[in-house]
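K.L.:
model this:
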Amino acid sequence: MITVLRRPNIISPAIIACLFGVMAGMARADEAAEYRKFLQEEQSVLVTVKFVLKLKMGGMMGGGGEQESENEVTGIMIGERGLVLCSNTQLGGMMAMFSRMMGPMGGNMSATPTDLKVLVGDDTEGVDAELIARDTELDLAWIRISEPGDKMFEFLDFSKSASIDVGQRVLLVRKMDKYFGRAPVVIEGRIAGVTVKPRKLYVPSGELMAALGLPVYLPNGTVVGVPITQSSAEEGADANPMAMLSMMSGMQEQMSGLILPAAEVVRATERALSREEDE
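P.N.:
Sure, this is the predicted structure:
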């Protein structure tokens with residue numbers, strides 16, 4: 001009896017490499033399409049807020065005097081009648097935060113945004129707006145267009161949100177500065193951790209930590225929250241230089257953008273609008 005030995009069907013390494021290359025190319029094409037779709041859909045709720053920041057400095061470090069500077073930040077349209085959410089830090093809140101952290105050493109420093117204008121879409125001039133509320137603890141500020149007329153704006157509804165966990169992929173759209181025509185760009189990252197104190201915050205990776213006051217999304221477009229700063233020195237620092245040094249050593253993490261969950265943004269907005277009605 002003759003036994004015929006058959007060679008096993010072996011796929012050559014070259015074919016395997018080719019298959020992996022094709023699959024990688026398909027994945028890159030899917031991500032490119034995802035980026036384009038994300039840019040098109042999510043940039044529409046971003047607005048530019050232009051303002052003049054009046055700085056008042058006094059005390060041991062400031063030396064006294066006032067200064068003015070023109071600034072602009074990117075905000076989020078969160079109401080159809082022209083309600084805009086911004087980072088309080090970027091709207092001048094950093095100066096007040098620094099003053100509180102330095103305590104007596106910092107003297108009396110303040111920063112007041114004036115002459116606010118909101119630029120929507122391709123508008124380069126802007127329409128008048130006013131600052132209606134700040135939440136220094138949550139690093140949020142709310143601005144309202146003064147006379148929206150019969151205009152209804154496209155806005156982001158933070159109540160339609162999702163919770164996330166460590167390791168999940170998230171996306172954000174930010175605008176470059178005026179020099180680059182405020183071009184929208186996508187930033188990608190992952191959730192690297194979750195804090196419990198001083199409150200629940202998602203810790204993002206990479207560039208997301210620098211994108212204060214902008215909405216963070218899951219890749220499917222569901223909003224997750226907004227990066228904010230958190231400070232542990234609300235009551236001011238001890239005048240002891242060693243105590244100040246210890247406090248400042250933790251400033252890098254405190255000034256990084258940790259994501260406030262969307263549900264907390266909704267509650268903070270409700271409180272801000274309630275205070276406005278009471279005034």
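K.L.:
so where do the strands sit in the stretch 51-200 of the chain?
P.N.:
According to DSSP state E, counting those that start in this stretch, the stretch 51-200 of the chain carries its strands in the segments 66-79, 83-87, 110-120, 127-135, 140-145, 169-175, 184-195.
K.L.:
where are the low-confidence patches of the stretch 1-150 of the chain?
P.N.:
Where the stretch 1-150 of the chain drops to pLDDT under 70, the residues are 1-30, 58-64, 95-107.
K.L.:
turn the strands of the stretch 51-200 of the chain into a markdown table, columns for distance to P227 and mean neighbour count.
P.N.:
C-beta coordinates here come from the backbone N, C-alpha and C atoms, glycine included. Listed next are these as a markdown table, based on distance: least, C-beta to C-beta, whole Å; neighbours: other C-beta atoms under 10 Å:
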| stretch | distance to P227 | mean neighbour count |
| --- | --- | --- |
| strand 66-79 | 12 | 17 |
| strand 83-87 | 8 | 26 |
| strand 110-120 | 20 | 18 |
| strand 127-135 | 15 | 17 |
| strand 140-145 | 11 | 24 |
| strand 169-175 | 8 | 20 |
| strand 184-195 | 10 | 16 |
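K.L.:
now those in CSV, with distance to F38?
P.N.:
Output for the strands of the stretch 51-200 of the chain, formatted as CSV (distance: least, C-beta to C-beta, whole Å):
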stretch, distance to F38
strand 66-79, 15
strand 83-87, 20
strand 110-120, 20
strand 127-135, 27
strand 140-145, 24
strand 169-175, 6
strand 184-195, 6
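K.L.:
in which helix or strand would I find R36?
P.N.:
Per DSSP states H and E: R36 is located in helix 13-42.
K.L.:
relative to R271, which of the strands of the stretch 51-200 of the chain is closest?
P.N.:
Between R271 and the strands of the stretch 51-200 of the chain, the shortest separation by C-beta to C-beta is 7.5 Å, and it involves strand 127-135.
K.L.:
and that closest one, what does it pack onto?
P.N.:
Strand 127-135 sits against strand 110-120, strand 140-145, helix 262-278, with contacts defined as 3 or more C-beta pairs under 8 Å, 6 or more residues apart in numbering; DSSP states H and E.
K.L.:
nearest to K197, of these?
P.N.:
Nearest of the helices and strands packed on strand 127-135 (C-beta to C-beta): helix 262-278, 14.5 Å.
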